[in-house]
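Engineer: Need coordinates for the below:
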Amino acid sequence: MNLKITRTNSKNQDFIKLTRHLDAYLKITDEDEHDFYNQYNNIDVLQFVVVTYVDEIAVGCGAIKKFDSDSVEVKRMFVSSEKRGRGIAQKTLTELETWAKELSYKKCILETGKRQVEAVQFYHKCNYKIIPNYAQYRRMENSICFEKYI
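Structural biologist: All right, here's what the predicted structure looks like:
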């Protein structure tokens, strides 16, 4: 498996394509709350994006955006279903954490849905700790928020 991770921005066509697949998946798992969550997933505002390639094919992505002076929020994490279980998501997330450190942030935070069981397990495995829901997710029953000091 020839793996390459590229730092880019939200104008990257592979990132745009992968986030469309992510949105299709989330539309199913978020059920009737999809429109609420979707309003916070606009990719135009993302300046720090990574795309992960296996054998020159884009299979995974993620992004970080400033949350506050010490924290970035991890956004748009996705690996295509046929490539899951090979460590691609972990390498993608590690690259985002490294980039956040280089930008002098101390912590990564994120939100995922409780119905996205694999995502919840993944963030636990990557040493993220559950925190009280923040900002717009404060009153969302389906949301689960995490943080990790980097």
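Engineer: check contacts around the closest residue to Phe146 other than its chain neighbours.
Structural biologist: Take Phe146 and drop its neighbours on the chain: the residue closest to it by Cβ to Cβ, 6 or more residues apart in numbering is Tyr128, 3.8 Å away. Heads up, the C-betas are built off the backbone N, CA and C, glycines and all. Each residue near Tyr128 by Cβ atoms under 8 Å, 6 or more residues apart in numbering is listed here: 108, 110, 146-148.
Engineer: What's the separation between Tyr128 and Lys65?
Structural biologist: 17 Å (Cβ to Cβ, to the nearest Å).
Engineer: re the thing from before, ramachandran angles for the residue nearest to Phe146?
Structural biologist: Reported as degrees, to the nearest 10, the phi and psi values for Tyr128 are phi -90, psi 140.
Engineer: from here on, count from 281
Structural biologist: Let's use 281 as the start, then, which means that last one is Tyr408.
Engineer: picking up where we left off before, quick check, nearest of the contacts of Tyr408 to Val400?
Structural biologist: Set against Val400, the nearest of the contacts of Tyr408 by Cβ to Cβ is Phe426 (8.6 Å).
Engineer: Now name the helix or strand holding the closest one.
Structural biologist: Under the criterion DSSP states H and E, the helix or strand holding Phe426 is strand 423-429.
Engineer: shouldn't Thr288 be in contact with Val330?
Structural biologist: Yes: counting by Cβ atoms under 8 Å, Thr288 does reach Val330; the two are 7.1 Å apart.
Engineer: and the longest helix along the chain, what other elements does it pack with?
Structural biologist: Across the chain, the longest stretch assigned as helix under DSSP state H is helix 293-309. Secondary structure elements in contact with helix 293-309, counted by 3 or more Cβ pairs under 8 Å, 6 or more residues apart in numbering; DSSP states H and E, are helix 314-318, strand 328-334, strand 337-346, strand 351-359.
Engineer: Figure out how far the second one is from the centre of its chain.
Structural biologist: Using Cα atoms, centre = their mean, to the nearest Å, the distance from the centre of strand 328-334 to the centre of the chain it belongs to is 11 Å.
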